[in-house]
Every structure is written in C-alpha cells, then in structure tokens.
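>>> coordinates for the following, if possible.
(one chain, ligands or ions: 2)
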Amino acid sequence: MIGITEDIEKIDYISEFEDMNRPLLVKNYASKWEAFKKWNLDFFKKQYGEYTVDASYNNQFYELSLKEYISYITEIPADQRAMPELYLNWKFQYEASELSNDYNEPHFITNLFNQKFFSSKIQKQYSWIYVGPKGSGSPLHIDIDNTHGWNALLSGEKEWIFLSPDESEKIIEAKKRFPNLDLFDETILSMFPKFNYERVVQEEGDLLIIPSCWWHQVINNDLTIALTENYVNKHNILDFIERFELEKI
Ligand SMILES: O=C(O)CCC(=O)C(=O)O
Ligand SMILES: [Fe+2]
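Ligands and ions are numbered 1, 2, ... in the order given. Down below sits the predicted model:
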C-alpha cells in the first residue's frame, strides 16, 4: 500500500516504509529546493542548450541537443510533431554535476552508494532529469538493477500506477501477450481484473519513493520536469553486488 505524508517528521519512515518496502509520497518535499525555483526550460536552454541528450518515443531512442529538444516540444504544436510525446531523459551528472548543488538527497533515506566501497562515480549512472510534454510517460517497468528510486517533481503533474512485487508473475505473463502493456488504457486494464494496482497523483514539489521491484507506469498530465535518482540500502545491496559479480564472470 502506498503511503502519503504531508510531514516526513511525523512518521516512522524506517519501520513503516523502508523495512516494509512500501512506496511513499512526500507532499511538497522538493518545493524548498533551489532546483524547484531555478530549473525551467529557459534555464536549461541557456546553460546547457548545446549538450547532447537522449530522448525516447515509442521505445526508440534518439540523440539530440537539449536546445533542439526544448524547441521541439515548445515551439511545434503537439498535433504537428512527428513524435508528439518525445520524452527526455538526461544523465546530467556527467557534464553538469554542478546541478547537484541545487538539491539534497532526501535526508530520511539511507543510500549506500555513498559508501567508500563504491566508486565515487556510481551515483552519476543512476541520476536523471526527465522532461516531457503532456501525454508522455514511462512504460510499465521495475527500476534498473533492482535499485530503489526517488523522484522529485519540479514542474507539472504526473500520474502513477503502482503494483507490488507480489504482482510480478501476473505482469510478466501479461507482458508476453502485450509487450507494451498500457495500464492507463481502460480497455487493457479491464482485461486484467486480478491485478492489484494503486494510482497516485504526484503534484509539483512532491517527492515519491519507489522501492525496489515495485512495478510502475507513469503519465505526464502536462509538461513536467522531474529529477530522479536510484540507490541501494541494506535491503537490496547484496542483490545489487551479486548482479555485477555475475556480469563479470
Ligand atoms: O517520470 C517518469 O516518467 C519515470 C520515472 C520513473 O520511472 C522513475 O523515477 O523510476
Ligand atoms: Fe522507474
């Protein structure tokens, strides 16, 4: 079950959420960040317009400059764009690491990527800025390498569908028939009455914690700017390390 809190200090995050592997929406957590005031499309275009970024549409990936991307989604009306929901995900930490001065990792999580036994660069691989026009979003997935994630919405509104790891078998089975299983499509959703899912709306300034192996699908209800980072804690670190050991063999 997803939790919602207006005040993180009023709940016992560790026992009620971290140890239970439960998602949590923290209202307005990111509203006090510098990033919340500063990060908008004009700022990105002026400061980082020339940088090359990745964007996706219908599961295809494209490389373009940030300036080109911003012009594409703001200057061409959606019905005249060949890719109306072109979605930007920028691994900004490699070239624009100073952007990390504009926010703080949520203080209530434990992130073992900060520990000395990991490379100091590991977090760069697991930090993204997402920008997307209305109607864009992310297909149903669990996060990479079984990491946990947090997602801070700096502008716009996102709607999420969550399914717990207990639903995995049913989802994997359904994906065999429908590889692009779209649970925001009422017709598709009604074909799977056994799915236990929850919907949550994330508003500007809200922070969402997405625990390891929770399935989620996301749609942007209007133009959004979000920051998301993934991490490991005591619950998934062994699983994480094992994966990389296996890959080396
Ligand atoms: O906002 C999105 O579209 C994707 C976010 C997501 O999947 C995540 O933060 O893990
Ligand atoms: Fe995700």
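>>> with just CA atoms, put stretch 38-46 into CSV.
Taking Å, rounded to 0.1, in the frame of the first residue of the first chain, the C-alpha atoms of stretch 38-46 are listed here in CSV:
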residue,chain,number,x,y,z
LYS,A,38,15.6,27.6,-10.9
TRP,A,39,15.1,24.6,-13.2
ASN,A,40,12.9,25.6,-16.0
LEU,A,41,13.2,25.2,-19.8
ASP,A,42,14.7,28.7,-20.3
PHE,A,43,17.4,28.0,-17.7
PHE,A,44,18.2,24.6,-19.3
LYS,A,45,18.3,26.1,-22.8
LYS,A,46,20.6,28.9,-21.8
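>>> just how off-centre is it within its chain?
Centroid displacement of stretch 38-46 relative to its chain, using CA atoms, centre = their mean, to the nearest Å, is 20 Å.
>>> what parts of the chain come near ligand 1?
Y130, G137, S138, D143, G149, N151, K158, I210, H216, V218, A226, T228 (CB under 6 Å from any ligand atom). C-beta: built from backbone N, CA, C; applies to glycine.
>>> in a markdown table, list those residues along with neighbour count, pLDDT and secondary structure.
Below are the residues of the chain next to ligand 1 laid out as a markdown table (neighbours: other CB atoms under 10 Å; pLDDT from 0 to 100; DSSP: H, G, I helix; E, B strand; the rest coil):
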| residue | neighbour count | pLDDT | secondary structure |
| --- | --- | --- | --- |
| Y130 | 22 | 98 | strand |
| G137 | 20 | 98 | strand |
| S138 | 18 | 97 | strand |
| D143 | 18 | 97 | coil |
| G149 | 21 | 98 | strand |
| N151 | 23 | 99 | strand |
| K158 | 24 | 98 | strand |
| I210 | 23 | 98 | strand |
| H216 | 22 | 98 | strand |
| V218 | 25 | 98 | strand |
| A226 | 23 | 99 | strand |
| T228 | 19 | 98 | strand |
